[in-house]
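Engineer: The following comprises the amino acid sequence and a computationally predicted model.
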Amino acid sequence: MPSHKPTIGILTSGGDCPGLNAVIRAAVKSAVRLGYGCIGFLRGYEGLVDPVAYMPLDLHNTANILLQGGTILGSTNKGRFSTLVGEGERVRIDPELLSETAATVRQLGVTGLICIGGDGSLAIAQQLHEQGIPVVGVPKTIDNDLGCTAFTFGFDSAVACATDALDRLHTTAASHERVMVLEVMGRHAGWIALHAGIAGGGDVILLPEIPWTFDNVCRKVLEREREGRKYTLIVVAEGARHPDGSLVHDGHAPGGAHERRQVRLGGIGEIVAQEVAKRLGREVRAIVLGHLQRGGTPTPFDRVLATQFGAHAVRLVHEGRFGDMVCYRPPHIESVAIAEAIGTPATVDPSHSAVQAARALGIGFGDGVELSPFAE
Ligand code: F6P
């Protein structure tokens, strides 16, 4: 380009999720109405530095992407800009990359850069902001682990997928009188496991936020059998720590400067299945739902949230409110400093009303606390 119009840059960074394209579409539509031109940087922040890669965004190439999963701009959750490595440690971005980014933004005449991402990607946005680059954040992640917003878009779609999986497992578990273990994503937050576990009629939900033991899980299976229910559905979050305190992951060490990344969580479901099978002598199957949770079309809730986020992000650029992230504080869409949002991770409070309701129904969390708090 660059065009004579003021230009808004857009990028999608981190793990993809349903609703990214809905944000892009909403941002472009509302930006065009305000007289902006739009460009989209490719492969997240990588598109901002050598080799700089971007595409024009207009009403034509963003038409009909509202319901499309993934992102037309591409994304990455590793690479030169990663600020989260290992088990979630934060690191600084190479100052040379920051200067290169500032130069690209300047040369392309970008008056505002909308960064759509999760905590790691917004931590990058914050460092860009500190460098004087005019950024605005949009919170996305299936994990729903960002502070200062009631929900991130993508979460509802992931929960719908995990709930559908549980609905399907329910019937086959009942037919075969089996224990079924479903491992879901969510990184260090148990939101997907908690919501899908409740919506899908799970019997045991294992979360990163509530320490649990194999004894308590097995006790729940036996309790159900005594009550005549010969099958049990266990939902386990990938970040639920093993009772010995360890996180189960691929052991990938943080890479070099060009391949920084976090460890890949996963495997706790199989461990739970094997241990329950060994202790109880029952047939147990483990299913890892994996990236199915990140794919497909966004739910109506996510489409509405993503659309509001996209439009509000453009408004923040228009009003010069850089360094802010859009957020959902029901019933309002507002904004908050990115620094505040990334400094407040949103994990499940063990006394959360959804946990209490689940306990009231007799759903176990593997911690031996089975009594309904309402019964006291
Ligand atoms: O943060 C989103 C997420 O899907 C997590 O729930 C999961 O742990 C991770 O990304 C998986 O990342 P990758 O696509 O690199 O395997």
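Structural biologist: Great, that's in hand. In this text, all values refer to a predicted model and were calculated from it rather than measured experimentally. Residues are numbered from 1 along each chain as shown.
Engineer: can you give me how far stretch 153-166 is from the chain middle?
Structural biologist: In terms of C-alpha atoms, centre = their mean, to the nearest Å, the centre of stretch 153-166 is found 11 Å from the chain centre.
Engineer: How about that stretch and the ligand, any contact?
Structural biologist: No. Judged by C-beta under 6 Å from any ligand atom, stretch 153-166 and the ligand are separated, with a smallest distance of 8.0 Å. The C-beta positions use only the backbone N, C-alpha and C, and glycine is treated the same way.
Engineer: Pull the number of nearby residues for the residue in the stretch 51-200 of the chain that the ligand sits nearest to.
Structural biologist: Closest contact between the stretch 51-200 of the chain and the ligand, by C-beta to the nearest ligand atom, is at Met185 (3.2 Å). Residue neighbour count, defined by other C-beta atoms under 10 Å, stands at 26 for Met185.
Engineer: got it, and the one 3 residues further on?
Structural biologist: Using other C-beta under 10 Å as the criterion, His188 is surrounded by 20 other residues.
Engineer: same thing with the one 10 residues further on?
Structural biologist: A count of neighbours around Ile198, defined by other C-beta under 10 Å, yields 20.
Engineer: Check Asn77 and give its pLDDT.
Structural biologist: Note for Asn77: predicted pLDDT of 85.
Engineer: before we move on, what about Arg261?
Structural biologist: Looking at Arg261, its pLDDT reads 68.
Engineer: Could you do the one 4 residues further on as well?
Structural biologist: Note for Leu265: predicted pLDDT of 96.
Engineer: Kindly report the same for the one 4 residues further on.
Structural biologist: Confidence at Gly269, expressed as pLDDT, is 98.
Engineer: re the thing from before, quick one: residues contacting the residue of the stretch 51-200 of the chain closest to the ligand.
Structural biologist: Contacts for Met185 (C-beta atoms under 8 Å, 6 or more residues apart in numbering) come out as 142-143, 158, 192, 237-238, 265, 289-290, 293-294.
Engineer: I'd like those residues as a markdown table, with secondary structure and distance to Ser175 appended.
Structural biologist: Listed next are the contacts of Met185 as a markdown table, based on DSSP: H, G, I helix; E, B strand; the rest coil; distance: C-beta to C-beta, whole Å:
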| residue | secondary structure | distance to Ser175 |
| --- | --- | --- |
| Ile142 | coil | 30 |
| Asp143 | coil | 33 |
| Ala158 | helix | 27 |
| Ile192 | helix | 26 |
| Ala237 | strand | 26 |
| Glu238 | coil | 27 |
| Leu265 | strand | 31 |
| Leu289 | coil | 20 |
| Gly290 | helix | 24 |
| Gln293 | helix | 25 |
| Arg294 | helix | 29 |
